[in-house]
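**Student:** Sequence first, predicted model second:
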Amino acid sequence: NAGVTQTPKFQVLKTGQSMTLQCAQDMNHEYMSWYRQDPGMGLRLIHYSVGAGITDQGEVPNGYNVSRSTTEDFPLRLLSAAPSQTSVYFCASTMDSTDTQYFGPGTRLTVL
Amino acid sequence: AQTVTQSQPEMSVQEAETVTLSCTYDTSENNYYLFWYKQPPSRQMILVIRQEAYKQQNATENRFSVNFQKAAKSFSLKISDSQLGDTAMYFCASMEYGNKLVFGAGTILRVKS
């Protein structure tokens, strides 16, 4: 098993550009989540999904869109990047509502 | 809403010694879960230990153990026989039903030789 994979590892964008951060898992996990990590603030939940076709907002959803068309994939879209979205982004997955979450390697995004 | 507080931004310890990282949390739920994650310079988030709130016994994983004080809402991590590879950022996190993690701000631990 590859576990949770994320692409790309690094990305630099200009303000106003759009992009999609990819996340995939091969563990047949129902739950998937996106977090962002900023210095001094730990990780904060952006969006999450409890199964294919079902998504909901987390603590900091503004500026981000998600969809979940398959169990395996959970892409995060930035429609118009802003410098405030400069951060490290982590995708995580887990089997159910009480299981431990397993994290991908992260994507470092810089918006100029 | 859940909150998690880590009051020690940085700590250091000599190799082979013991260190304790502090964490307090707040939740209105009876059933919840607590975690310590380690983030080394590689950036990967690695689970260190997990505690179910309904279990009175403190969780242990080899050199890592917790002191879970439910009434005080305290969840500290003790690392025994510290090793250079323990150098990392450590995050305390809480989770209620629905599997949404809330993290503390983290504690940087440096193990010195």
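**Tutor:** Received it, and whenever you're ready, just let me know what you need. Residues are numbered from 1 along each chain as shown, chains lettered A, B, ... in the order given.
**Student:** helix/strand/coil for the residue nearest in space to the middle of chain A?
**Tutor:** Most central in chain A under C-alpha atoms, centre = their mean is A:Trp34, positioned 3.1 Å from the mean C-alpha point. When classified by DSSP: H, G, I helix; E, B strand; the rest coil, A:Trp34 comes out as strand.
**Student:** Surely it and A:Leu45 touch.
**Tutor:** Yes: with contact defined as C-beta atoms under 8 Å, A:Trp34 reaches A:Leu45; the gap is 7.5 Å. Placement of C-beta: from N, CA and C, glycine included.
**Student:** what's the overlap in contacts for those two?
**Tutor:** Shared contacts of A:Trp34 and A:Leu45, defined by C-beta atoms under 8 Å, 6 or more residues apart in numbering or on different chains, comprise A:Gly58.
**Student:** Next, work out how far apart the residue nearest to B:Gln8 when sequence neighbours are not counted and A:Asp99 are.
**Tutor:** Excluding its sequence neighbours, the residue lying closest to B:Gln8 (C-beta to C-beta, 6 or more residues apart in numbering or on different chains) is B:Thr107, at 4.8 Å. B:Thr107 is 25 Å from A:Asp99, where distance means C-beta to C-beta, to the nearest Å.
**Student:** coming back round to it: what is the burial count for the residue nearest to B:Gln8?
**Tutor:** 22 (other C-beta atoms under 10 Å in any protein chain shown).
**Student:** And the one 5 residues further on, by the same measure?
**Tutor:** By the measure other C-beta under 10 Å, the count of residues near B:Lys112 is 11.
**Student:** For it, list the residues it contacts.
**Tutor:** B:12-15.
**Student:** Of the residues you listed, keep whichever come out buried.
**Tutor:** Neighbour-count burial (16 or more other C-beta atoms under 10 Å in any protein chain shown) applied to the contacts of B:Lys112 gives B:Val13.
**Student:** filter the contacts of B:Lys112 down to the ones near chain A?
**Tutor:** Taking C-beta under 8 Å from any C-beta of the partner chain as the test, chain A is in contact with none of those.
**Student:** out of the contacts of B:Lys112, who's nearest chain A?
**Tutor:** B:Ser12 (18.8 Å; C-beta to the nearest C-beta).
**Student:** Could you verify my assumption that that closest one touches B:Leu109?
**Tutor:** Yes: using C-beta under 8 Å, B:Ser12 is in contact with B:Leu109, at 7.3 Å.
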